[in-house]
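Q: sequence and predicted structure below; questions after.
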Amino acid sequence: MLAKRIIPCLDVDKGRVVKGKKFQNIQDVADPIEMAKFYSDSGADELVFYDITASNEERSIFIDVVERVAAEISIPFTVGGGIRTLEDIHDVLRAGADKVSINSAAVKDPELIAKAAKKYGSQCIVLSVDAKEVSQNKWSVFINGGRQNTGLDAIEWAVKGERLGAGEIVVNSIDSDGEKNGYNIPLTKEISSSVNIPIVASGGAGTREHFIEVLRGNIADAALAASVFHYKEISIPELKEQLANKTIPMRRIANG
């Protein structure tokens, strides 16, 4: 069985790590370079970097910050936010990213997924799905940092994303984001059972039990979180040890 992954997420705005609730009430947290190095040294399996206002502001991602983060870490690195073209993907990969996360641009031009997967390989292309429940057990895809409802069904969009060539899907539950009440299990499970590529659960981690719940069985292949790691509420080495004790397969921490 493949090891499950723990992935801290750096939401970056104007060069600083920030965090909010349900994509709102954004507050400053820390310097992204220092935080990235801390997570890499702490045994995180991967790191995700989102430039959270790039798409809405219709600007390119902060490549200089991406380069500086990449230089400090030794774990796989996914970058997203404001990526609209193959050239953007090229620039981010050249800056040191291992994978590129696309969301708004993929909704507006689904063929971007296919073109990117063909040029760079599916293993590099992550489809990020920001989903919000609009009626019971029905979720719509939102874009531009959760500001715009596309009307797309999140499950159908995930299936299409896989078909077009995405190699992984991040399921961001807007309803759960920053609430610390647990991952959105129904949404994550629904998408996971509909596709055959790895699923990263995102939004809602508050306790170690939440990680156990989403990583046990076939719900998610990885768990992404921000607040609980940023504010030192959960230690990644201790979390991975507890998950391993629950017979959830984890990667060994290199330095311990």
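A: All right, it came through fine. Residues are numbered from 1 along each chain as shown.
Q: hey, which helix or strand in this protein has the poorest pLDDT?
A: Across the helices and strands of the chain, mean confidence by mean pLDDT, DSSP states H and E is lowest for strand 24-30: a mean of 59.
Q: which stretches in the stretch 51-200 of the chain count as strands?
A: 77-80, 99-102, 125-135, 138-143, 148-153, 168-173, 199-202 (DSSP state E, counting those that start in this stretch).
Q: can you redo those as TSV with mean neighbour count, distance to P186 and mean pLDDT?
A: C-beta here means a position set from N, CA and C on the backbone, and glycine is covered the same way. Rendered in TSV, the data for the strands of the stretch 51-200 of the chain read as follows (neighbours: other Cβ atoms under 10 Å; distance: least, Cβ to Cβ, whole Å; pLDDT from 0 to 100):
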stretch	mean neighbour count	distance to P186	mean pLDDT
strand 77-80	26	24	95
strand 99-102	23	23	96
strand 125-135	22	9	96
strand 138-143	21	9	95
strand 148-153	14	14	96
strand 168-173	27	10	97
strand 199-202	28	12	98
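Q: could you dump those strands to JSON lines with distance to E209?
A: Below are these laid out as JSON lines (distance: least, Cβ to Cβ, whole Å):
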{"stretch": "strand 77-80", "distance to E209": "26"}
{"stretch": "strand 99-102", "distance to E209": "27"}
{"stretch": "strand 125-135", "distance to E209": "22"}
{"stretch": "strand 138-143", "distance to E209": "24"}
{"stretch": "strand 148-153", "distance to E209": "30"}
{"stretch": "strand 168-173", "distance to E209": "17"}
{"stretch": "strand 199-202", "distance to E209": "14"}
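Q: what's in contact with stretch 148-167?
A: 99, 106-107, 110-111, 113-114, 116-118, 121-127, 129, 131-132, 134, 138-143, 169, 171, 187, 190-191, 194-198 (Cβ atoms under 8 Å, 6 or more residues apart in numbering).
Q: can you do 6 Å?
A: 107, 110, 113-114, 117, 122-123, 125, 127, 129, 131, 139-143, 169, 190-191, 194-195, 197 (Cβ atoms under 6 Å, 6 or more residues apart in numbering).
Q: also stretch 116-135?
A: In contact with stretch 116-135 (Cβ under 6 Å, 6+ apart) are residues 78, 80, 89, 99, 101, 103, 139-142, 146, 154, 158, 161, 165-172, 174-175.
Q: first to last residue in that stretch, what's the distance?
A: 33 Å (Cα to Cα, to the nearest Å).
Q: now swap in stretch 48-63 and tell me
A: Termini of stretch 48-63 sit 14 Å apart (Cα to Cα).
Q: how many other residues sit next to R94?
A: Residues lying near R94 (other Cβ atoms under 10 Å) number 11.
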